[in-house]
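Q: quick one: sequence plus predicted model below, questions after.
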Amino acid sequence: MMSETIDTIDADKDDVTPEAAASADAVDERKAGGDDILVQEGDIAGDYLERLLDLLDYDGDIDLDVEAGRAIVSIDGGEDLEKLVGPRGTVLEALQELTRLAVQQETGSRSRLMLDIAGWRADRREELKELGRSTAESVLKSGERVRLQPMSPFERKVVHDAVATVSGVTSESEGEDPKRRVVIFPEA
């Protein structure tokens, strides 16, 4: 039965109209254009952050990348960069928003770019993955729900993704920013 379905699908490949092929090509071009837009966002953000570092007289290497439909901008290598992260990443979050606004001002579109400074966000992601996984396993054993401390949207997303890897538990966010938190509980 399955091989009949496969044969039918393979037979349909020969029936592709020129219009359908052109439409598929247009979709591919839009996807490629999307990456071009993200590269442009990264370039604008890089220029903005380079000017900021110059004003502060901080050293740092700016790296631009596109990952999972987002422009990723990283600053590494300078001694003073930790000051741009701040306690629990608060300064980093503010700089990310300012950088997004600078990109929006230039492009006219809201940016979803992600900024990392001195590897803080990458390190924090690993910590949060472990927190989410270990808390989920604890909830699975105890059967009791656990409320974590308030977190930024980035932090909550990482925790939710980590909890989703553990069968038998689930998570949701509750509260309002800036006190929004993840709650992990057994599945019903």
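A: Happy to help now that I have it.
Q: assign residue 136 to helix, strand or coil.
A: At residue 136 the chain is in helix, as set by DSSP: H, G, I helix; E, B strand; the rest coil.
Q: and it, how many neighbours?
A: 25 (other C-beta atoms under 10 Å). The C-beta positions use only the backbone N, C-alpha and C, and glycine is treated the same way.
Q: count of residues packed around the closest residue to it other than its chain neighbours?
A: Once flanking residues are discounted, residue 136 sits nearest to residue 166: 3.9 Å by C-beta to C-beta, 6 or more residues apart in numbering. Counted with other C-beta under 10 Å, the neighbours of residue 166 add up to 19.
Q: and the gap between residue 166 and residue 46?
A: As defined by C-beta to C-beta, to the nearest Å, residue 166 lies at a distance of 38 Å from residue 46.
Q: over to residue 182?
A: 32 Å.
Q: so which of those two has more stuff around it?
A: More crowded of residue 182 and residue 46, by other C-beta under 10 Å: residue 182, with 27 against 18.
Q: would the more buried one count as being in a helix?
A: No: looking at residue 182 with three-state DSSP, it is strand, so not inside a helix.
Q: wait, it touches residue 171, no?
A: Yes: counting by C-beta atoms under 8 Å, residue 182 touches residue 171, with 5.4 Å between them.
Q: joint contacts of these two?
A: Here residue 182 and residue 171 have 132, 159-160, 163 as joint contacts, going by C-beta atoms under 8 Å, 6 or more residues apart in numbering.
Q: of those residues, select the buried ones using a PyMOL command.
A: Restricted to buried positions by 16 or more other C-beta atoms under 10 Å, the PyMOL selection for the shared contacts of residue 182 and residue 171 reads:
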select buried, resi 132+159+160+163
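Q: strands of this protein, start to end?
A: Remark: strands assigned in the chain by DSSP state E are 61-67, 70-76, 114-117, 146-147, 169-174, 181-186.
Q: so can I have TSV of the ones you listed showing distance to residue 98?
A: Listed next are the strands of the chain as TSV, based on distance: least, C-beta to C-beta, whole Å:
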stretch	distance to residue 98
strand 61-67	15
strand 70-76	12
strand 114-117	9
strand 146-147	31
strand 169-174	25
strand 181-186	26
